[in-house]
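> Next comes the sequence, and after it the predicted model I'd like to discuss.
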Amino acid sequence: MPLPSLKEQFAQLIATPSVSCTQPSLDVSNLPVIELLADWLGSLGFVCERQEISPGKFNLLATYGSGPGGLVLAGHSDTVPFDEALWKSDPLKLTEIDGRWVGLGSCDMKGFFPLIIEAVLPLLDQPFRQPLLILATCDEESSMAGARALADAGKPLGRAAVIGEPTGLRPVRLHKGVMMERIDILGQSGHSSDPSLGHSALEAMHAAIGELIGLRSQWQTVYNNPQFSVPQPTLNLGCIHGGDNPNRICGQCSLEFDLRPLPGMDPDMLRAVIREKLFPLAERYQVKLDYAPLFPAAPPFEESAEAELVKLAERLTGHRAEAVAFGTEAAYLQRLGCETIVMGPGDIRCAHQPDEYLDMSLLQPTVRLLRQLIEHYCLSPVASV
């Protein structure tokens, strides 16, 4: 089967759902996306290894060339959930609008993979002195389980790694950590006409939210790092579910929230402070309260400003390496011995939004930049920066 065009690759990946979500009803397998990528890359001579991380969830590691070192071009194969009614076009169909390719994952970040393929195509007839590794992970948007499994396995990948999250093709060497947490409150339902018949989980959750907002204000007063465009830690109340009818005292309520600590803020310390604030509420409201992380905290990331990869990316792009507020899988690849940066096309401000898009003017600059990186690390691995 011939390799689809760049645009058709975008279209097929976007048309293949791969939502990862902490809500099981919205979560789906990413295997169809992994199989598409493996078919395309396998047809080009890449050796493709699928790694099952959990039922229905897979990583793909595709390798061209052999030996130690080389370059890792990495991205996640999943997307966030989407509100179809808020999109102006079908989120699972690639649509060209005003010079933009619009579709779920076009920017964050299925579109990175066709651009890698486009970059490497004219180089495949040359000898690769060190390998090119293309990594597609699962569940970055919910638990980072795919990248965490790679890091826990400890198998070295490459000399350098570029994660193609949307940065407007500016190199990023520093970002915040990611904590996603849940609070479950079990009260006692009863007839709403007599409050003494129950214990409202919803009212207890209201108090818990007040404590979280208070902690957020406190932390944002104490912690500040001007390297970030959002210099304080953030805490986002992401989703809440509870109760079933207006005339029943709410018997159960659950909240999931997202905390983005700055480098230097210890997740265990933050969780201890949260517990200290929450657990007195159980006695006050006569409810059962459970607080736990949805997954182990994704650590903050920092690559040395003097690293070869950072210097090379700065020279190729003309931009000094930056810090960003969002989290990525970079720290996990760094644990495997890779100098690591985050750098890809697109604007993070349109990610996780209706009408997500990738500006078509970034397509060829991205291809050109990726080709230069491949040439440096795989075709001429001893070249100086």
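Arrived safely. Numbering: from 1, shown residues only.
> Run the chain-centre distance for stretch 369-385.
Centroid separation for stretch 369-385 versus its chain: 26 Å, with C-alpha atoms, centre = their mean, to the nearest Å.
> Buried residues, it. List them.
Within stretch 369-385, the residues scored as buried using 16 or more other C-beta atoms under 10 Å are 369, 370, 371, 372, 373, 374, 375, 376, 377, 378, 379, 381. Every residue, glycine included, has its C-beta placed from N, CA and C.
> can you map out the helices along the stretch 201-350 of the chain?
Secondary structure of the stretch 201-350 of the chain, counting by DSSP state H, counting those that start in this stretch: helices at 201-222, 267-285, 308-317, 330-335.
> How many residues are close by residue 50?
Look at residue 50: counted by other C-beta atoms under 10 Å, it has 15 neighbours.
> Residues in a beta bridge with it, which ones?
residue 60 (DSSP bridges).
> Which strands and helices lie in contact with the one helix or strand in the chain whose mean pLDDT sits lowest?
One helix or strand of the chain scores below all others by mean pLDDT, DSSP states H and E: strand 301-302, with a mean of 90. Strand 301-302 is packed against strand 172-175, helix 330-335, with contacts defined by 3 or more C-beta pairs under 8 Å, 6 or more residues apart in numbering; DSSP states H and E.
> Contacts made by the longest one with the rest, please.
Applying C-beta atoms under 8 Å, 6 or more residues apart in numbering, the contact partners of helix 330-335 are 72, 74, 144, 147-148, 150-151, 157, 161, 163, 175, 298-301, 303, 340-342.
> Tell me where the model's unsure across the stretch 1-150 of the chain.
For the stretch 1-150 of the chain, the stretches with pLDDT under 70 are 1.
> got the helices of the stretch 201-350 of the chain as CSV, with mean neighbour count columns?
Formatted as CSV, the helices of the stretch 201-350 of the chain follow (neighbours: other C-beta atoms under 10 Å):
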stretch, mean neighbour count
helix 201-222, 17
helix 267-285, 15
helix 308-317, 19
helix 330-335, 23
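> burial measure for residue 186, as a count.
By the measure other C-beta under 10 Å, the count of residues near residue 186 is 16.
> Quick check: next helix or strand after the particular helix or strand that has residue 96 in it?
Assessed by DSSP states H and E, residue 96 sits inside strand 95-97. Moving toward the C-terminus from strand 95-97, the next helix or strand (DSSP H and E) is strand 100-102.
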